[in-house]
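Asker: quick one, fold the following:
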Amino acid sequence: MSGFRVLDLVKPFSPYLPEVIAPERKVPFQQRVMWTIITLMIFLVMSEIPLYGIASTDSSDPLFWLRMMLASNRGTLMELGISPIVSSGMLFQLLQGTKLIHVDMQNKNDRETFQVAQKLLAILLAIGQATVYVLTGMYGPPKDLGIGVCLLLILQLVFASIIVILLDELLQKGYGLGSGVSLFTATNTCEQVFWKAFAPTTSSSARGTEFDGAVVSMFHLFGSRKDKKRALIESFYRPNLPNMFQLIATILVFFIVVYLQGFRIELPMKSTRQRGPYGLYPIRLFYTSNIPIMLESALASNIFIMSQLLFVRWPNNLFIKLLGTWDARPGSAQLYANGGLAYYIQPPFSFTEALLDPIKTTIYIAFVLGSCALFSTTWIEISGTSPRDVAKQFKEQGLVIAGHRDTSAYRELKKIIPIAAAFGGATIGALSVVCDLMGTLGSGTSILLAVTTIYGYYELAVKEGGFNQALVSGYSDGL
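Answerer: Got it, this is the predicted structure:
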């Protein structure tokens, strides 16, 4: 009962929180696509509108490691990205999974109270994060900005976060497809990849002025250089700007992940309540989807942020040096770890760099694979997708595994689900490592998040009747 009392504390705030009213009837598929596109356009516009009042954003970015994953764009209204929503959602998922709060998702009032609590915490987190960003001098020294400008910056960040929360709610309640969190992350990553491939902007280097976009640069080199062979090699392997090898590696990873999405074990299911043909319950290789790599990346990124902020303030402290030492690379103001714990869990930025420091590479690979497998097996218990939870759902829906007694479903699922979770988590971690070593256009984590999200939208479109129904197999909507 104490859990319900904790949730009931948020009820007085419910009338004051902005809300998207759920549709009275199911929205047609075409309209859902339209609302999804409109939502996406609003997000993209907000990602380009600069914050009013900022003095400078040229210094090292402590949130560099989180930007792409959290759909964040520095110095714009999307500075916080989806961070408040993700943080709030994961915290409540953890509290619910560990039974610290008790929520009956079959009860409409409980479900609504739970959603209100998540929204309220997301808004509070947005206020807290915005305040910390401004007061720590991310947009310039607070004394130079003045109280009025500081308050204006905080209000802009909080207002933008509330809009993002409402856009996510709009999609979640059935007006659009999927969730805003996944949509914005995938869009941000695709936008970055597209820009690195086709950017028409130029940069100065030792070889002269070069185009930033890999494809644009290749055509420029072919047209301007007499030695075509050397131009081809340079377009594929230029070191300081996006190159064609990185673009091809990104496309290759996309197809590999889509291919692996099809790996599944399909259990034949039959109903004990009615006669009919067998259905199939698929257990995928990526059983926990992209959750493991998100959690691993969040853990590593938070270590980077804390280590960098501490090192900048107290660079000579021994314990802070053990956590990580930081320095800028040539031609960049961005700080990178060059020692301590942060260095060993920071991905190598090229295959050459990985070979030059095999100890660091080995530790990094072990950290990513181990943490992804651990997070994946832990998440199935927290999120209600463990063998016991799935067996309970089967029993409630009157389903049994064909050829087995109804009491043996748990034993059969226990043989498959934990292995799928651990192996799938390690596999997605390994793919992230491969992305980093190959130097894809974007971090391994962001590329995997984008691909799994795009594939999820494809499957959703199949389910909704947007494409050929036979392309994706699965059981009934009840599962």
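
Asker: CA atoms for contacts and neighbours, from now on please.
Answerer: Fine.

Asker: so what's the spatially most central residue of the chain closest to, chain neighbours aside?
Answerer: Within the chain, the residue whose C-alpha comes closest to the C-alpha centroid is residue 69; the distance, by C-alpha atoms, centre = their mean, is 4.4 Å. Among residues not flanking residue 69 along the chain, residue 446 sits closest, at 5.5 Å (C-alpha to C-alpha, 6 or more residues apart in numbering).

Asker: hmm, residue 187 and the one you found touching each other?
Answerer: No. Counting by C-alpha atoms under 8 Å, no contact exists between residue 446 and residue 187, whose distance comes to 10.4 Å.

Asker: just the strands in the protein please.
Answerer: 202-205, 208-211, 264-271, 279-284, 325-328, 335-339, 399-401 (DSSP state E).

Asker: and the longest helix anywhere in the chain, average pLDDT?
Answerer: The longest helix of the chain (DSSP state H) is helix 409-438. Taken as a whole, helix 409-438 has a mean pLDDT of 85.

Asker: that one packs against which elements?
Answerer: Packed against helix 409-438 by the contact rule (3 or more C-alpha pairs under 8 Å, 6 or more residues apart in numbering; DSSP states H and E) you find helix 244-261, strand 279-284, helix 291-313, helix 351-356, helix 358-382, helix 387-396, helix 444-464.

Asker: ok, and for that helix, which residues are buried?
Answerer: Across helix 409-438, burial judged by 16 or more other C-alpha atoms under 10 Å covers 409-410, 413, 417-438.

Asker: least trustworthy helix or strand in this protein by mean pLDDT?
Answerer: Taking all helices and strands of the chain together, the one with the lowest average confidence (mean pLDDT, DSSP states H and E) is helix 2-8, at a mean of 57.

Asker: in this structure residue 367 contacts residue 345, no?
Answerer: Yes. Proximity of residue 367 to residue 345 meets the contact threshold set by C-alpha under 8 Å, at 6.9 Å.

Asker: between these two, which is the more surrounded one?
Answerer: In this view residue 367 and residue 345 are compared by other C-alpha atoms under 10 Å, and residue 345 has more residues nearby, 22 against 16.

Asker: what's the closest non-adjacent residue to that one?
Answerer: residue 364 (5.0 Å).

Asker: tell me who's in contact with that neighbour.
Answerer: With contacts defined as C-alpha atoms under 8 Å, 6 or more residues apart in numbering, residue 364 is in contact with 344-347.

Asker: same check, this time on residue 221
Answerer: Under the contact definition (C-alpha under 8 Å, 6+ apart), the residues listed for residue 221 are 231-232, 235.

Asker: most neighbours among these, which one?
Answerer: Compared across the contacts of residue 221, residue 235 has the highest neighbour count, 24 neighbours, by other C-alpha under 10 Å.

Asker: what's that one in contact with, if anything?
Answerer: Applying C-alpha under 8 Å, 6+ apart, the residues contacting residue 235 are 214, 217-218, 221, 243-244.

Asker: nearest to residue 41 among those residues?
Answerer: Nearest to residue 41 among the contacts of residue 235: residue 214, at 25.8 Å, using C-alpha to C-alpha.

Asker: burial count for that closest one?
Answerer: Other residues near residue 214 number 28, with proximity taken as other C-alpha under 10 Å.

Asker: show the contacting residues for it.
Answerer: Counting by C-alpha under 8 Å, 6+ apart, residue 214 makes contact with 196-199, 235, 241-244, 247.

Asker: got a list of what residue 169 touches?
Answerer: With contact set as C-alpha under 8 Å, 6+ apart, residue 169 has these partners: 19-20, 179-180.

Asker: how close does residue 431 get to residue 374?
Answerer: 16 Å (C-alpha to C-alpha, to the nearest Å).

Asker: also residue 51?
Answerer: Between residue 51 and residue 374 the distance is 39 Å, computed by C-alpha to C-alpha.

Asker: what does stretch 450-470 contact?
Answerer: Here stretch 450-470 makes contact (C-alpha under 8 Å, 6+ apart) with 29, 177-178, 182-183, 185-187, 189-190, 254, 257-258, 289-290, 471-472.

Asker: just the buried residues of those residues.
Answerer: Burial by neighbour count, 16+ other C-alpha under 10 Å: within those this picks out 29, 177-178, 182-183, 185-187, 189-190, 254, 257, 289-290.

Asker: need those in CSV with distance to residue 74 and pLDDT, can you?
Answerer: Conversion of those to CSV gives the following (distance: C-alpha to C-alpha, whole Å; pLDDT from 0 to 100):
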residue, distance to residue 74, pLDDT
29, 34, 84
177, 27, 83
178, 26, 80
182, 19, 81
183, 19, 87
185, 15, 85
186, 17, 86
187, 16, 87
189, 14, 86
190, 17, 87
254, 26, 86
257, 29, 84
289, 28, 77
290, 24, 76
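
Asker: any chance of those residues in TSV with distance to residue 125 as columns?
Answerer: Written out in TSV, the entries for those read as follows (distance: C-alpha to C-alpha, whole Å):
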residue	distance to residue 125
29	34
177	26
178	23
182	19
183	21
185	19
186	23
187	23
189	24
190	27
254	33
257	33
289	26
290	23
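
Asker: and which of the residues you listed is nearest to residue 335?
Answerer: residue 189 (21.6 Å).

Asker: quick check: the closest one vs residue 72, distance?
Answerer: With distances taken as C-alpha to C-alpha, residue 189 is found 10 Å from residue 72.

Asker: residue 63 too?
Answerer: When distances are taken as C-alpha to C-alpha, residue 63 and residue 72 turn out to be 9 Å apart.

Asker: neighbour count: these two, which is higher?
Answerer: residue 72 (23 against 17).

Asker: could you report the neighbour count for the closest residue to the more buried one other than its chain neighbours?
Answerer: Distances taken as C-alpha to C-alpha, 6+ apart put residue 81 closest to residue 72, at 4.2 Å, once the chain neighbours are dropped. Around residue 81 sit 32 other residues, with neighbours defined as other C-alpha under 10 Å.

Asker: ok now do residue 81, which residues does it touch?
Answerer: When contacts are taken as C-alpha under 8 Å, 6+ apart, residue 81 is in contact with 70-73, 161, 164.

Asker: swap in 7 Å and give it another go.
Answerer: 70-72 (C-alpha atoms under 7 Å, 6 or more residues apart in numbering).

Asker: where does the stretch 201-350 of the chain dip in pLDDT?
Answerer: 206, 276-277, 331-333 (pLDDT under 70).

Asker: between the contacts of residue 169, which has the most around it?
Answerer: Neighbour counts for those, by other C-alpha under 10 Å, peak at residue 180, which reaches 25 neighbours.

Asker: pretty sure that residue contacts residue 170?
Answerer: No. Taking contacts as C-alpha atoms under 7 Å, residue 180 lies outside contact range of residue 170: 8.3 Å.

Asker: now residue 399. Nearest residue, chain neighbours left out?
Answerer: Skipping the residues right next to it in sequence, residue 399 comes nearest to residue 271 by C-alpha to C-alpha, 6+ apart, at 4.5 Å.

Asker: from residue 78, how far out is residue 51?
Answerer: The separation that residue 51 has from residue 78, given C-alpha to C-alpha, amounts to 9 Å.

Asker: among these two, which residue is more densely surrounded?
Answerer: Between residue 51 and residue 78, counted using other C-alpha under 10 Å, the more crowded position is residue 78 (26 against 20).
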